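Kindly return the folded structure for what I paste below:
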Amino acid sequence: MAWQTPKTNWGQPGQTVPGVDDFNRIEGNIETLGRYDRAPGYGVASGVNTKTVNLDPAPSSYYEGMCFAFRNEVQNTGPVTINVNGLGARSIKKPNGNDLVSGNLKAGSVYTVRYNGTNFILQGSDSAGNATPDDVRAGKTFSNDIGPDQVGTLPERQGHNTALGSSISGNTLRLIAPRGIYDGEDDTVTITDNNWIPENIKKGVNIFGKTGSLFDLGEPRYDYSNKLDFSITFYNIQDIYGDTTTSRTKTCRKAGQYRFGGSVRGRTTWDNQTFRIQLYINGALVDQREYVIEYNNPPSSISLYYVAYLNYGDTIRVQGYCSHDYRYTFSAQSGFKKPDTSGFFT
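As a prediction, this is how the structure comes out:
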């Protein structure tokens with residue numbers, strides 16, 4: 001090209017006056033240097049997504065390598081085309097060939113594009129990627145196909161985070177964690193079940209760090225002729241002073257049918273003795289007996305028996321009274337074998 005071998009010694013001794021060929025070469029160089037593939041042009045682009053711009057001097061056609069900068073008047077809302085000096089609309093693409101997306105061209109900013117023979121390619125834009133804000137830690141910036149300076153929204157999970165749900169697979173409890181970033185240091189995913197208490201776990205069995213206290217007596221033996229065949233005496237208290245009330249309460253630790261008994265027996269031979277016995281379930285009086293025995297020789301007693309189905313946690317209370325010294329008993333019978341174990345009632 002002529003501009004690559006410039007003549008710079010005009011007017012020096014021994015040089016001739018420029019001729020026609022020299023002037024043609026000079027004009028050719030001017031034309032070459034005026035092309036927009038050598039020196040970028042500049043203009044103001046109007047329009048939202050179908051932009052127009054006028055360059056001066058005006059190009060006569062599009063050609064590969066054509067380059068110009070423009071000040072963008074209106075932010076785009078989607079893919080963009082640009083029409084230069086009425087030569088026809090051409091798409092503006094990112095360097096990776098993708099269309100522009102909303103917000104790539106900010107109002108008031110200056111952008112440079114270069115023609116590749118088909119489209120104008122946005123220069124200096126290398127932001128690419130398929131990450132979205134909800135993929136990136138909240139507050140952190142990143143670039144993607146939309147552009148640079150994207151801000152992440154994925155929350156950091158710290159402390160205790162309530163599980164979104166749970167499922168069971170064999171012996172495994174699976175928790176569904178809330179979406180977010182977990183650093184494994186000070187974050188947990190939790191689920192709460194108010195039934196997960198030692199009283200509901202078999203005694204001595206450890207489930208997820210909690211050791212049970214429930215003594216499992218098994219199922220009642222209903223094949224016996226007497227379904228309440230096995231008995232336990234909770235209390236047998238002697239030499240209780242007269243005119244006092246004795247009350248004892250037990251809490252059921254195994255749901256089932258029980259026959260509860262209580263007795264008050266006089267210890268002296270006084271006449272006109274008052275005997276009273278009452279039975280309460282969960283604080284409510286369900287049965288009682290009361291007698292005044294005129295002649296108490298030998299000493300007399302009264303008893304009360306009551307059959308009830310108890311659930312776990314129900315309470316049973318037997319309350320006795322005698323106007324004179326007496327003995328108090330409180331017992332139970334059930335279809336559970338060996339009910340005298342400590343796990344039967346508490």
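
how about the nearest residue to Leu279 once chain neighbours are set aside, secondary structure?
Leaving aside its sequence neighbours, Leu279 sits nearest to Asp287 (CB to CB, 6 or more residues apart in numbering; 4.7 Å). For the C-beta atoms, the positions are set from N, CA and C on the backbone; glycine is no exception. Per DSSP: H, G, I helix; E, B strand; the rest coil, the secondary structure class of Asp287 is strand.

Test my guess that Asp287 contacts Leu304.
Yes. The pair Asp287 and Leu304 qualifies as a contact (CB atoms under 8 Å) at a distance of 6.1 Å.

quick one: which of the two has more around it?
Taking neighbours as other CB atoms under 10 Å, Asp287 and Leu304 compare with Leu304 leading, 18 against 15.

Please name the residues that touch the more buried one.
For Leu304, the contacting residues are 261-263, 277-279, 287-289, 318, by CB atoms under 8 Å, 6 or more residues apart in numbering.

Can you give the strand pairings for the helix or strand it falls within, parallel or anti for each?
For Leu304, the element it lies in under DSSP states H and E is strand 301-310. With DSSP bridges as the test, strand 301-310 is paired with strand 256-266 (antiparallel).

Okay, now the sheet partners of the following helix or strand past the partner strand, with direction.
Per DSSP H and E, the first helix or strand lying C-terminal to strand 256-266 is strand 273-281. Using DSSP bridges, the strands paired with strand 273-281 are strand 284-293 (antiparallel), strand 315-322 (antiparallel).

C-alpha coordinates for the helix or strand that the shortest one is followed by, CSV please?
Reading on from strand 315-322 to the C-terminus, the next helix or strand found by DSSP H and E is strand 326-334. Provided in CSV are the C-alpha atoms of strand 326-334 (Å, rounded to 0.1, in the frame of the first residue of the first chain):
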residue,chain,number,x,y,z
TYR,A,326,-55.1,-47.2,109.6
ARG,A,327,-53.2,-48.9,106.8
TYR,A,328,-53.2,-47.8,103.2
THR,A,329,-52.6,-49.9,100.0
PHE,A,330,-52.6,-49.0,96.3
SER,A,331,-52.2,-51.7,93.6
ALA,A,332,-52.8,-52.5,90.0
GLN,A,333,-53.3,-55.5,87.8
SER,A,334,-52.8,-55.9,84.1
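
Point out the other helices and strands that strand 326-334 packs with.
Helices and strands touching strand 326-334, by 3 or more CB pairs under 8 Å, 6 or more residues apart in numbering; DSSP states H and E, are strand 230-240, strand 244-251, strand 256-266, strand 315-322.

how far out from the middle of the chain is it?
Taking CA atoms, centre = their mean, to the nearest Å, the mean C-alpha location of strand 326-334 is offset from the chain mean by 53 Å.

avg pLDDT for it?
Mean per-residue pLDDT for strand 326-334: 88.

Could you figure out how far that strand is turned away from strand 230-240?
Orientation note: strand 326-334 sits at an angle of 170 degrees relative to strand 230-240 (axes from the mean of the first three to the mean of the last three CA atoms, to 10 degrees).

what residues are up against the residue nearest the centre of the chain?
With distances taken as CA atoms, centre = their mean, Pro178 lies nearest the centre of the chain, 2.4 Å away. By CB under 8 Å, 6+ apart, the contact set of Pro178 is 157, 161-164, 189.

buried subset of those?
For those, a burial check counting by 16 or more other CB atoms under 10 Å picks out 157, 161, 163, 189.

and those residues, which of them are in strands?
If you go by DSSP state E, the buried ones among the contacts of Pro178 have 161, 189 in strands.

from the buried ones among the contacts of Pro178, which is closest to Asp135?
Closest approach between the buried ones among the contacts of Pro178 and Asp135, by CB to CB: Arg157, at 15.1 Å.

The closest one reaches Asp186, doesn't it?
No. The pair Arg157 and Asp186 fails to qualify as a contact (CB under 8 Å) at a distance of 9.6 Å.
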